[in-house]
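# mind looking at a prediction? Sequence and model below.
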Amino acid sequence: MENNRGRRLEQKINWLYQYDKELASAFKVDCDEFLEEFEKLQSFRFSDFSKIWQEKNFTYVFAGQNYALLLEEFCQNCFHNVKKYIMFPRTLFTQIGAFYLLYGLYYKQPLKEWIKVRLTLEEYQKIFELVQEMKSRRELDSVYIFAKMKVEDAFLYVATQTPLGPEDKFVKRWQPYYNDTFTSSNTQSSLAKFHGICKSSDLIDKLKNTNDEYQELLRQYSAKCPGVSAFPSTIIGDLQNAYSQFQRETPAEEEEEEQGPVQAKRLIKNRAMANKNAVYRGCKKVKTAVDMNTNDSPISSEMSD
């Protein structure tokens, strides 16, 4: 009885760890795409960042979380992953974009008690150097944002990047910083190629003809050489099954591509509002740059919903 309870607890911990890992991986893909778009603009302006925020509906980044109790964990992982783009910048544009992303996510977190952004001494120095660089370029948006976050106590100054403890949930998830930024594009391009191949009837027909020809030659050769046995090929069926699964897992994305931007945004908002997590709405006013739209503020209201 005790052994069964221990195994069930271990299975639950492993499942939660895997679920947390998958969420972090999906969020990382979103960050890669977001910062690559921002980098193309070659801009340090928060207004340009806000346009991409709106176009990608990044306001609803937390809406896909099915378990309200794990929202706090997810927010912590989001901050941790975004800081990597600051610590390992590809360019100065992606670095400042990551800082803006950290700012936006902090003020959009759907929790009653907001999670603070953990900063080690190394991380603080990196952000401080970035802000000083922007200040020297007379790009003052980040200077204002950094001051705002410090004044509003958004940072938690710590010794380690993630919390430590003897429990499994701390030990299993703790990893030192390593540079895995902008590594999802290869995976995404491979999926796009697979999608293109399976959608092309000409390529599938050519592959089927080649496979049939190979099977016939193999049958003839095995008739002459008894030691060689022919085997049935399932490559076409495997491809079709894999593509069917691919379509089942990404129906919403294809639906959004077929519709205009207004309809696509409405779809995303409806899915977010259909979420049953009560902590998402009405519990706390979410502050963004809109709340700071005063005459003396360099940040305008571009990041509204």
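Good, I have the coordinates.

# what about the strands in the stretch 101-250 of the chain?
For the stretch 101-250 of the chain, the strands defined by DSSP state E, counting those that start in this stretch occupy 117-119, 155-157.

# pick the most deeply packed of the ones you listed.
The highest average neighbour count among the strands of the stretch 101-250 of the chain, using mean count of other C-beta atoms under 10 Å, belongs to strand 117-119 at a mean of 21. Any C-beta I mention is one placed from the backbone N, CA and C, and that applies to glycine too.

# and it, what does it pack against?
helix 71-87, strand 155-157 (3 or more C-beta pairs under 8 Å, 6 or more residues apart in numbering; DSSP states H and E).

# which strands and helices sit next to the shortest one?
With contacts taken as 3+ C-beta pairs under 8 Å, 6+ apart, strand 155-157 sits against strand 117-119, helix 121-136.

# mean pLDDT for those - can I get that in a markdown table?
Shown next, in a markdown table, are the helices and strands packed on strand 155-157 (pLDDT from 0 to 100):
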| stretch | mean pLDDT |
| --- | --- |
| strand 117-119 | 95 |
| helix 121-136 | 96 |
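
# dump these to TSV, plus distance to Asn4.
Formatted as TSV, the helices and strands packed on strand 155-157 follow (distance: least, C-beta to C-beta, whole Å):
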stretch	distance to Asn4
strand 117-119	37
helix 121-136	43
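
# which of those sits most buried?
Comparing the helices and strands packed on strand 155-157 by mean count of other C-beta under 10 Å gives strand 117-119 as most buried, with a mean of 21.

# show residues contacting that strand.
Residues from elsewhere that reach strand 117-119 (C-beta atoms under 8 Å, 6 or more residues apart in numbering): 76, 79-80, 83, 102, 106, 127, 149, 154-158, 161-162.

# of those, closest to Pro232?
His80 (48.7 Å; C-beta to C-beta).

# contacts only, for that closest one.
Neighbouring residues of His80 by C-beta under 8 Å, 6+ apart: Arg118, Gln161, Thr162.

# which one of the helices and strands packed on strand 117-119 lies closest to Asp212?
Proximity of those to Asp212 was assessed by C-beta to C-beta; the nearest stretch is helix 71-87, lying at 47.4 Å.

# report the angle between the closest one and helix 121-136.
60 degrees (axes from the mean of the first three to the mean of the last three C-alpha atoms, to 10 degrees).

# low-confidence ranges in this protein?
Where the chain drops to pLDDT under 70, the residues are 1-3, 6, 9, 12-13, 15-17, 64-66, 165-178, 184-193, 249-305.

# mind redoing it with 50?
Across the chain, residues meeting the criterion (pLDDT under 50) sit at 252-259, 276-302.

# taking helix 71-87 as reference, get the angle to the lengthiest helix in it.
Criterion DSSP state H: the longest helix present in the chain is helix 2-41. Between the axes of helix 2-41 and helix 71-87, defined by the same axes, to 10 degrees, the angle is 40 degrees.

# quick one: Ile204 and Ile236 touch, right?
Yes. Applying C-beta atoms under 8 Å as the test, Ile204 and Ile236 come out as touching, 7.4 Å apart.

# so those two - more neighbours on which side?
The neighbour count for Ile204 versus Ile236, taken as other C-beta atoms under 10 Å, is higher for Ile204 (16 against 13).

# the helices and strands packed on strand 155-157: which one's closest to Leu92?
Ranking the helices and strands packed on strand 155-157 by proximity to Leu92 (C-beta to C-beta) places helix 121-136 first, at 7.2 Å.

# can you tell me what sits against that closest one?
44, 83, 86-87, 92, 95-96, 99, 119, 140-143, 146, 155, 157, 161.

# switch the cut-off to 10 Å
Residues from elsewhere that reach helix 121-136 (C-beta atoms under 10 Å, 6 or more residues apart in numbering): 44, 83, 86-89, 92, 95-96, 98-99, 102, 117, 119-120, 139-147, 149, 155, 157-159, 161, 177.

# let me see the contact set for the closest residue to Asp153 other than its chain neighbours.
Take Asp153 and drop its neighbours on the chain: the residue closest to it by C-beta to C-beta, 6 or more residues apart in numbering is Lys116, 7.3 Å away. By C-beta under 10 Å, 6+ apart, the contact set of Lys116 is Cys75, Gln76, Phe79, Tyr106, Met149, Asp153, Ala154, Phe155, Leu156, Tyr157, Val158.
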